[in-house]
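Novice: coordinates only, no sequence provided:
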């Protein structure tokens, strides 16, 4: 067992493509999505303690309640139940990503908590019980636990790793608007536009239109990103409202971030690199 503080990154998740195929009997939708992960995001810190504590810090920490339902504490409790451990711990969530923004913040935080607990209790990171917990916590949590570029099918949790995306620069932009995932899915027109190819340039995000209807600011962000020099792909991630632009190199993403920040100082942005 590790006796020191464990630090685990909860990287921002991107849906480079998101195809909605049909609504399932269990209320979920059959999805085909291309997941990718940034080298930046939230941070989980876990340390042994005499009693359980949970604290939220960071620029978006004030928007989350420490008490009540939180995916971090749910992940902690589910891990304990699955592995039969009860050692108390102090968990800090440094919340750097905006809330309800389509980049997997809560799911990534839960996955990072599982990875931190696994390290603490000497559990292998590919242990099947970890992925079983992740699947019960949410559709995106298994992909965030894996943390690699992958095509996801079913609810998004049937994963197939893909190569060739690491090292690209990426700029994430959010107009500081939270969008309800349920509302966006409810606005989907029900049209099956075909299977995912795995080539981001050939694929699409079927939720863009209903997300723009719910938050017209998304269209403004997409327009600003499309006007950037050297942007190779511009798209909305997940159900929004965060949008992204891909670049050949991280330096291009940083240059683009400076331009976006100067023109739209009220927007949130993150210049990063695909892992």
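Specialist: Yep, it's here. Just so it is clear, the structure is predicted and the values come from calculations on it, not from any experiment.
Novice: drop to CA atoms for contacts and neighbour counts, all remaining ones
Specialist: Noted.
Novice: excluding chain neighbours, what is closest to the spatially most distant residue from the centre of the chain?
Specialist: Residue farthest from the centre of the chain, counting by C-alpha atoms, centre = their mean, is residue 50 at 31.7 Å. Among residues not flanking residue 50 along the chain, residue 88 sits closest, at 6.1 Å (C-alpha to C-alpha, 6 or more residues apart in numbering).
Novice: separation between the one you found and residue 73?
Specialist: When C-alpha to C-alpha, to the nearest Å is the yardstick, residue 88 and residue 73 sit 12 Å from each other.
Novice: so which of those two has more stuff around it?
Specialist: residue 73 (20 against 13; other C-alpha atoms under 10 Å).
Novice: which residue ranges form the helices in the stretch 151-275 of the chain?
Specialist: 181-186, 208-214, 217-226, 250-263 (DSSP state H, counting those that start in this stretch).
Novice: between the ones you listed, which one is closest to residue 16.
Specialist: Ranking the helices of the stretch 151-275 of the chain by distance to residue 16, with C-alpha to C-alpha as the measure, places helix 208-214 first at 12.2 Å.
Novice: tell me the mean pLDDT for the closest one?
Specialist: Averaging pLDDT along helix 208-214 yields 97.
Novice: tell me which residues of that helix come out buried.
Specialist: 208, 209, 210, 211, 212, 214 (16 or more other C-alpha atoms under 10 Å).
Novice: list the residues that contact the residue nearest the centre of the chain.
Specialist: By C-alpha atoms, centre = their mean, the chain has its centre lying nearest to residue 104, at 2.2 Å. For residue 104, the residues meeting the contact criterion (C-alpha atoms under 8 Å, 6 or more residues apart in numbering) are 12, 13, 14, 140, 144.
Novice: quick one: least confident of these?
Specialist: residue 140 (93).
Novice: does that residue touch residue 109 like I think?
Specialist: No: in this structure residue 140 lies outside contact range of residue 109 using C-alpha atoms under 8 Å: 11.0 Å.
Novice: got any residues that touch both of those two?
Specialist: The contact lists of residue 140 and residue 109 share no entry, where a contact means C-alpha under 8 Å, 6+ apart.
Novice: of the two, who's got more company?
Specialist: Neighbour totals were compared for residue 140 and residue 109, and residue 109 leads with 31 against 24 (other C-alpha under 10 Å).
Novice: what kind of secondary structure is the more buried one in?
Specialist: helix (DSSP: H, G, I helix; E, B strand; the rest coil).
Novice: for this structure, which strand is longest?
Specialist: strand 29-48 (DSSP state E).
Novice: run the chain-centre distance for that one.
Specialist: Distance, stretch centre to chain centre, for strand 29-48: 4 Å (C-alpha atoms, centre = their mean, to the nearest Å).
Novice: which SSE is immediately downstream of that strand?
Specialist: strand 53-57 (DSSP states H and E).
Novice: what's the mean pLDDT across that following strand?
Specialist: 96.
Novice: just checking: what are the partner strands of it?
Specialist: Strand pairing for strand 53-57, determined by DSSP bridges: strand 89-94 (parallel).
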